[in-house]
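In: Compute the structure for the input listed below.
(chains A and B)
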Amino acid sequence: MKKQLLLVGVLVLGLAGCATSTRYVNYTDQAYPPKDQYYTENVYSAAQPLSAANPYYVIGKVSIEGFASSGVNPATLTNQAKVIARKRGADAIINAETVVYRYYGGDALLRFKGELIVYAPTTK
Amino acid sequence: MKLSLKIFIVFLFLGLLVTRPSSSEAYWHGHSYVGVNIGVWPGSYYYGGPYYPYYADPYYAPAYTVVASSSYQPVVVNGVTYYLNNGVYYIYTQYGYQAVANPVGAAPTVVQPTTVTTVPAGVSTDDSYTINIPNSKGGFNAVIIKRSGNGFLGPQGEFYSDFPKVSQLQVMYGK
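Out: Reported below is the predicted structural model:
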């Protein structure tokens, strides 16, 4: 009984400790096999457009946000986006940006936005 | 009182202490809120008028639905519909938006903004503004400007550090 209560308590703390919220919008019905944990997801901002010579598909859009007071910073948001990109089978993230909304009282909301892409198969 | 019950109550209290309404919750209630850090339970609480902009477009549509993103502006070149996003042309396929080389040919025809014959009242929400730009046909083109960080974004993704003047917008959207 005591163990069960402890588990419930840990669960409550765990749920409360979720510092970020994530949203993902699919642009396609197509699913792609997830990448392994060692795959390096490159992240490009809108100022770094990819060459059309290397064709790619934009498969979806991800948004992650959290409060600075919860320990969230741009790096953690970007890392979470990379994790989502791996799960979705994306090769890279483009049009990435992190916007900070400052609140009265000193807190700030950080919001990462980016789009997931897969490179089109090359034809010879 | 049993020790286990005391432990449970302590955990429950700690859980409530660190719980806060998320910005997403604020969004689903239709507004965003100013945060004031009270320092005790319930922590930062959000009330008052809208403070930061939110994006009420398909960006927040439920997951696993296939939607067209509002940031992809349809453009017709030589009868082919492309989608323009951040200066890159795409065509829509079953695999998603496929990046393509800039189409060669006539100047792109912007499908949106739409041409109107009368001047509707300017519409503004918390983060977007509709401006009517006079066009060469004697009508007006409705151009939607969205707030983005410290600046503003135009329909084709162009960034303005200050709110754009009509003369600026007329260069791009006055045709």
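
In: could you point out which element follows the worst-scoring helix or strand of chain A on mean pLDDT?
Out: The element with the least model confidence among the helices and strands of chain A, by mean pLDDT, DSSP states H and E, is helix A:2-16, at a mean of 61. Secondary structure here is assigned by DSSP states H and E; on that basis, the next helix or strand after helix A:2-16 toward the C-terminus is strand A:20-26.

In: can you give me the mean pLDDT across that following strand?
Out: Per-residue pLDDT values over strand A:20-26 give a mean of 91.

In: Who are the packing partners of it?
Out: For strand A:20-26, the helices and strands in contact under the criterion 3 or more Cβ pairs under 8 Å, 6 or more residues apart in numbering or on different chains; DSSP states H and E are strand A:56-67, helix A:74-88, helix B:23-28. Where C-beta positions appear, they are placed from N, C-alpha and C, glycine not excepted.

In: Could you tell me the average pLDDT over the next helix-or-strand element following it, please?
Out: Past strand A:20-26, heading to the C-terminal end, the next element that is a helix or strand (DSSP H and E) is strand A:42-45. The average of the pLDDT scores along strand A:42-45 is 91.

In: Show me what strand A:42-45 is packed against.
Out: In terms of contacts (3+ Cβ pairs under 8 Å, 6+ apart), strand A:42-45 is packed against helix A:74-88, strand A:92-102.

In: rerun at 7 Å
Out: If you count contacts as 3 or more Cβ pairs under 7 Å, 6 or more residues apart in numbering or on different chains; DSSP states H and E, strand A:42-45 packs onto strand A:92-102.

In: Would you mark the buried spots in the following helix or strand past the strand it packs on?
Out: Next along the chain after strand A:92-102, taking DSSP H and E as the criterion, comes strand A:108-119. Taking 16 or more other Cβ atoms under 10 Å in any protein chain shown as the neighbour-count basis, strand A:108-119 is seen to contain the buried residues A:108-118.

In: what does stretch B:77-89 give?
Out: Those buried within stretch B:77-89 under the rule 16+ other Cβ under 10 Å are B:77, B:82-86, B:88-89.

In: For the residue sitting nearest the centre point of chain A, give its distance to chain B.
Out: Among the residues of chain A, A:A81 comes closest to the average C-alpha position under Cα atoms, centre = their mean, at 1.8 Å. Between A:A81 and chain B the computed distance is 15 Å (Cβ to the nearest Cβ, to the nearest Å).

In: That residue: what's it in contact with?
Out: By Cβ atoms under 7 Å, 6 or more residues apart in numbering or on different chains, A:A81 lies in contact with A:62, A:64, A:93, A:112, A:114.

In: circling back to that earlier point, near chain B too, which of the buried residues of strand A:108-119?
Out: With respect to chain B, and counting by Cβ under 7 Å from any Cβ of the partner chain, the subset of these in contact is A:L109.

In: want to throw the buried residues of strand A:108-119 into TSV with pLDDT?
Out: Formatted as TSV, the entries for those read as follows, by pLDDT from 0 to 100:
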residue	pLDDT
A:A108	87
A:L109	89
A:L110	91
A:R111	92
A:F112	93
A:K113	93
A:G114	94
A:E115	94
A:L116	95
A:I117	94
A:V118	94
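
In: which residue packs closest to A:Q30, ignoring adjacent ones?
Out: Leaving out its chain neighbours, the residue that sits closest to A:Q30 by Cβ to Cβ, 6 or more residues apart in numbering or on different chains is B:Y95, at 5.0 Å.

In: Show me what the helix or strand that contains B:Y90 pairs with in its sheet, parallel or antiparallel.
Out: Counting by DSSP H and E, the element that carries B:Y90 is strand B:88-93. In the sheet containing strand B:88-93, its partner strands are strand B:80-85 (antiparallel), strand B:96-100 (antiparallel), by DSSP bridges.

In: closest one to B:N132 among those?
Out: Distances from B:N132 to each of the strands paired with strand B:88-93 were compared by Cβ to Cβ, and the smallest falls on strand B:80-85, at 21.5 Å.

In: How is chain B divided into domains?
Out: With automatic domain parsing as the criterion, the domains of chain B are listed as B:3-47, B:58-109, B:112-173.
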